[in-house]
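Trainee: Okay, here's the prediction I keep looking at, along with the sequence it came from:
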Amino acid sequence: MRKNKNLAALIRDRKTYLIVGVVILLMSLCIIFPFEKHESNFISDFVYTYISLAIGLLVLMYGLMGKNFFKGLLFLIFSAIFSFCAWMLFYPLGFLSTLLAFWLGIPSGIIAGLIFLIADYKFINDENRVKLFLKRMFLFLLLLAIVSLSFLYGSDLISYIYEKFK
């Protein structure tokens with residue numbers, strides 16, 4: 001019976017999840033990625049790296065959010081859907097628009113959502129609910145725009161900005 005109480009306390013302890021999440025992320029980046037790098041020709045060949053990164057981020061997210069984990073997961077899903085719709089709206093190319101929105105919109109929405117959750121937790125505080133909502137909305141849209149532009153132009157973003165102002 002005593003072993004069950006210790007196991008239950010271990011499961012409730014969020015520090016354990018944080019440590020496990022960080023260890024999984026480090027293993028993914030330092031061990032799994034180098035092995036897959038030598039055998040892959042395309043970015044889609046990094047299957048185990050992506051799976052371990054996703055598992056590590058989910059465990060880390062559970063460790064940080066605790067009971068609100070499913071709210072955070074729901075926010076990430078809606079962030080990905082919103083980003084997909086924004087890419088469809090602002091980048092109309094016909095048939096390629098759907099492919100581009102799926103390929104770039106969903107990951108940029110998830111990354112912007114993760115960054116927003118961290119920034120919202122650490123930096124945004126306000127007593128007025130309307131001001132809080134406006135701050136959150138502005139921050140999310142700004143992060144989504146930055147992440148989407150970096151996904152669209154990749155490493156050429158700095159040279160693109162330089163050419164625009166030249």
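Mentor: Here it is on my side, so go on. Values in this document were obtained by computation on a predicted structure and should not be read as measured data.
Trainee: So which elements touch the helix or strand where residue 89 lies?
Mentor: Using DSSP states H and E, residue 89 sits in helix 69-90. Applying 3 or more Cβ pairs under 8 Å, 6 or more residues apart in numbering; DSSP states H and E, one finds that helix 69-90 makes contact with helix 47-65, helix 95-100, helix 106-123, helix 129-153. From N, CA and C alone the C-beta is placed, and that goes for glycine too.
Trainee: and those, which one is worst for confidence?
Mentor: Lowest mean pLDDT within the helices and strands packed on helix 69-90: helix 95-100, at a mean of 78.
Trainee: Buried residues in that one, which are they?
Mentor: Residues of helix 95-100 classed as buried by neighbour count (16 or more other Cβ atoms under 10 Å): 97, 100.
Trainee: Output that helix as CSV, restricted to C-alpha atoms.
Mentor: Provided in CSV are the C-alpha atoms of helix 95-100 (Å, rounded to 0.1, in the frame of the first residue of the first chain):
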residue,chain,number,x,y,z
PHE,A,95,-4.9,25.2,-55.3
LEU,A,96,-1.5,25.9,-53.9
SER,A,97,-3.0,28.1,-51.2
THR,A,98,-4.5,25.1,-49.4
LEU,A,99,-1.2,23.2,-49.5
LEU,A,100,0.8,26.2,-48.4
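Trainee: Okay then, goodbye and thanks.
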